[in-house]
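Colleague: following is a predicted model, sequence given first.
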Amino acid sequence: MTITLSDQDKSILRTAAYGAVSLMAAAGAAGKPHTIATNGSIALGSATGLVGHVLAEYPKGKDLGGKSVAEIADRVLPALTAAMNLLKKQDPAEADNFRSTVLVAVETAQVHQGRPSPTTAEMARKITEALDAARAAAADSKAVQEAAAGQDRPELQKAIEEIVDSGFVGVSLRVHDERGEWVGSAGVAELGGTAKPPINGHVRIGSNTKTFTATLVLRLVAEGKLGLDIPAADYLPEFALDRRITVRMLLQHTSGVFNFSGEVYDDGTVAPGIPIPYSTTGNEWADNRFKTYQPEELVRLALSKPARFEPGTGWSYSNTNYVLARLLIEKVTGRSLAEEMQRLILGPLGLSGTVVPDASPEIPEPHAHAYYRYEDAGRQQTVDVTRHNPSWISTGGDMISTTRDLHTFISALMGGKLLPAELLAEMCAPYPTVIPDMGYGLGVFVQQTDRGGTVITHNGGMAGYATLMYSTPDGSKTLTAALNCVDDADLSVATAFQNARQRLVNEVFCGGQADPAQPTG
């Protein structure tokens, strides 16, 4: 069986395996921690196959030494489950090899300890539980897939085929409702090809990144590391932010800070920011799409511009808010956004298809392709922009995921598995926007349907990709979709995108009835 691991996947495997050894060493610190760590590492070096190859490349100096047992456990145990999940999805034999390798290393780590301490024995038990947590999830996933394969949902298949006819290259859709799971795709994965888009391919999720980021901030609020109503300037004094701007305002888009990707004012005036794929800067973006931006650079550009309004007096969608949220996360934890996302969200949920790319242009296989059309020297050019450096948008929309991972995430989030009830309620409390029947919470839109229902959503567009993510407030019914298209500076596909998501929401949440249009995320 062919198996493909991204750099992030390999990092998860190494963190999990060597982290398990570090955890045993920390737990056995009353004995000989250095000897324990050495014994365990030697055992990991005996691993065979792909796992052995990956572990052999473990970079020196990246261990978890010097941290407490609890700190190491918080990071390592989710990584062990995530590692098993990503291997099981690609090659169960390698998953079994990884499990055996880690357990042998854990046992070997205790060889010279004499009788293991209660703490050491407890950590060994937790490591085994973390490795085995993926088994039940894999069995459940297989059952769901088998049930979905037997479902006949012609109305959903027809809907995505009509979306392709409206101008999209391809669409993949995943629906979870009272009838179970349905997955399907239409169109093609790339121009000139015949293969359909993969039903669980990777896609750049655009502003769905904001929901992940807001959830991460709220997890840190639950840990007591951040306060929603504390001035953001208290955490980030280096930017001289208006002290009236709170953490809540960043997540809610009520800070008034200028959008570094550009503003369109009520009178139609456009104030450009950095070059982006849309408006008058499309050619410049396309020509320099592998350029790296630093998050601090984006924030300082935004803060050099006049604020849109006084903090807390209005609502305006600004990517700057979420880059500031990223910097908050990294400041208070001392770790990168990717590390914290893995510790608190991706690892615990087993989201092995979700990536925080930072400035990497890569996107894991399988994936459909994204395109951008622009004029060069009087001629129309269509280029493949599947690979590009997403640092231009940063936490405003840089993440990569799959429809399965998006379903797992939004269902778990709305089902209360990630946040305490009071923080989930704060997240879903809508602040009025300029959009009819649509409020904004903390990283989510709260939409009222014309049949009296409510859906929690955040969609995203990202230079030739678009994603949909919808859920009922209890997480029991979800819709996630990935679309690929030929994008351009004029947003020619925008109307088709509006109609596409309206059509799908109607079918899944409104019984095919009309539903209000929604904002571009």
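Modeller: Received the coordinates, thanks.
Colleague: low pLDDT regions in this protein?
Modeller: 1-3, 29-34, 46, 58-67, 109-118, 134-151, 450, 512-521 (pLDDT under 70).
Colleague: tell me which element the closest residue in space to A240 that isn't next to it in sequence falls in.
Modeller: Ranked by CB to CB, 6 or more residues apart in numbering and with sequence neighbours excluded, the top spatial neighbour of A240 is A233, at 7.3 Å. Bear in mind the C-beta positions are built from the backbone N, C-alpha and C, glycine included. Counting by DSSP states H and E, the secondary-structure element that holds A233 is helix 232-235.
Colleague: return the set of buried residues in that helix.
Modeller: Buried positions in helix 232-235, judged by neighbour count with 16 or more other CB atoms under 10 Å: 232-233, 235.
Colleague: which one of those residues sits closest to P154?
Modeller: A232 (49.9 Å; CB to CB).
Colleague: contacts only, for the closest one.
Modeller: Neighbouring residues of A232 by CB atoms under 8 Å, 6 or more residues apart in numbering: 241, 245-247, 249-250, 255, 324, 328.
Colleague: make JSON lines out of those residues and add distance to L301, secondary structure and neighbour count.
Modeller: Putting those into JSON lines (distance: CB to CB, whole Å; DSSP: H, G, I helix; E, B strand; the rest coil; neighbours: other CB atoms under 10 Å) gives the following:
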{"residue": "L241", "distance to L301": "14", "secondary structure": "coil", "neighbour count": "21"}
{"residue": "I245", "distance to L301": "17", "secondary structure": "coil", "neighbour count": "22"}
{"residue": "T246", "distance to L301": "22", "secondary structure": "strand", "neighbour count": "21"}
{"residue": "V247", "distance to L301": "21", "secondary structure": "helix", "neighbour count": "25"}
{"residue": "M249", "distance to L301": "19", "secondary structure": "helix", "neighbour count": "25"}
{"residue": "L250", "distance to L301": "17", "secondary structure": "helix", "neighbour count": "27"}
{"residue": "S255", "distance to L301": "16", "secondary structure": "coil", "neighbour count": "30"}
{"residue": "L324", "distance to L301": "13", "secondary structure": "helix", "neighbour count": "29"}
{"residue": "L328", "distance to L301": "18", "secondary structure": "helix", "neighbour count": "23"}
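Colleague: okay, buried residues for stretch 434-448 please.
Modeller: For stretch 434-448, the buried set under the neighbour-count rule, 16+ other CB under 10 Å, comprises 435, 438-448.
Colleague: and that stretch, end to end?
Modeller: For stretch 434-448, the first and last residues are 14 Å from each other (CA to CA, to the nearest Å).
Colleague: please enumerate the strands of the stretch 301-450 of the chain.
Modeller: Assigned strands in the stretch 301-450 of the chain, in chain order: 371-376, 379-384, 400-401, 431-432, 438-440, 445-448 (criterion: DSSP state E, counting those that start in this stretch).
Colleague: identify whichever of those strands lies nearest to R14.
Modeller: Comparing those against R14 with CB to CB, the closest turns out to be strand 400-401 (20.3 Å).
Colleague: packing partners for that closest one?
Modeller: Counting contacts by 3 or more CB pairs under 8 Å, 6 or more residues apart in numbering; DSSP states H and E, the secondary-structure elements packed against strand 400-401 are strand 203-204.
Colleague: so A482 lies in a helix, does it not?
Modeller: No. In this structure, A482 is strand, not part of a helix, as judged by DSSP: H, G, I helix; E, B strand; the rest coil.
Colleague: in the sheet, who's paired with it?
Modeller: On the basis of DSSP bridges, A482 is bridged to S172, T467.
Colleague: that one touches M469, doesn't it?
Modeller: No. The pair formed by A482 and M469 falls short of the contact definition of CB atoms under 8 Å, at 10.1 Å.
Colleague: what is the neighbour count of the closest residue to V257 other than its chain neighbours?
Modeller: Taking CB to CB, 6+ apart, and ignoring the residues beside it in sequence, V257 has T320 as its nearest neighbour in space, at 4.8 Å. The number of residues packed around T320, counting by other CB atoms under 10 Å, is 24.
Colleague: list the contacts of T320.
Modeller: The contact partners of T320, taken as CB under 8 Å, 6+ apart, are 257-260, 298-299, 302-303, 396.
Colleague: could I get the strands of the stretch 301-450 of the chain as JSON lines with distance to V486?
Modeller: Output for these, formatted as JSON lines (distance: least, CB to CB, whole Å):
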{"stretch": "strand 371-376", "distance to V486": "4"}
{"stretch": "strand 379-384", "distance to V486": "6"}
{"stretch": "strand 400-401", "distance to V486": "20"}
{"stretch": "strand 431-432", "distance to V486": "35"}
{"stretch": "strand 438-440", "distance to V486": "28"}
{"stretch": "strand 445-448", "distance to V486": "26"}
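Colleague: right, so of those strands, which gets closest to S352?
Modeller: Checked against CB to CB, the stretch from those lying closest is strand 400-401, at 10.4 Å.
Colleague: hey, what's Y371 bridged with?
Modeller: Following DSSP bridges, Y371 is listed with bridge partners D384, V486.
Colleague: quick one: contacts for N259?
Modeller: 273, 302, 308, 316-320.
Colleague: and what of R373?
Modeller: Applying CB under 8 Å, 6+ apart, we find R373 in contact with 380-383, 486-488.
Colleague: show the buried residues in those residues.
Modeller: With neighbours counted by 16+ other CB under 10 Å, these contain buried members at 383, 486-488.
Colleague: what about stretch 259-271, start to end distance?
Modeller: By CA to CA, the extent of stretch 259-271 from end to end equals 9 Å.
Colleague: wait, I meant stretch 409-423
Modeller: Start and end residues of stretch 409-423 are separated by 16 Å (CA to CA).
Colleague: over to stretch 332-349?
Modeller: With CA to CA applied, stretch 332-349 spans 23 Å between its terminal residues.
Colleague: picking up where we left off before, for A359, state which of the contacts of R373 is nearest.
Modeller: Using CB to CB, the shortest approach to A359 within the contacts of R373 belongs to V383, at 19.8 Å.
Colleague: one step back: so who does the residue nearest to A240 touch?
Modeller: Contacts of A233 were listed using CB under 8 Å, 6+ apart, and they are 239-243, 245.
Colleague: and the gap between R174 and N484?
Modeller: To N484, R174 is 15 Å away according to CB to CB, to the nearest Å.
Colleague: between those two, which has more neighbouring residues?
Modeller: Each of R174 and N484 had its neighbours counted (other CB under 10 Å), and the higher figure belongs to N484 (28 against 24).
Colleague: and the more buried one, what does it touch?
Modeller: Contacts here follow CB under 8 Å, 6+ apart; on that basis N484 touches 168-171, 187, 189, 197, 203, 368-371, 464-466.
Colleague: and what of G184?
Modeller: By CB under 8 Å, 6+ apart, the contact list for G184 reads 153, 156-157, 160, 172-173, 199.
Colleague: repeat that for L423.
Modeller: 218, 221-222.
Colleague: can you check those residues and name whichever has the most neighbours?
Modeller: Once you tally neighbours by other CB under 10 Å, L218 ends up highest among the contacts of L423, having 25 neighbours.
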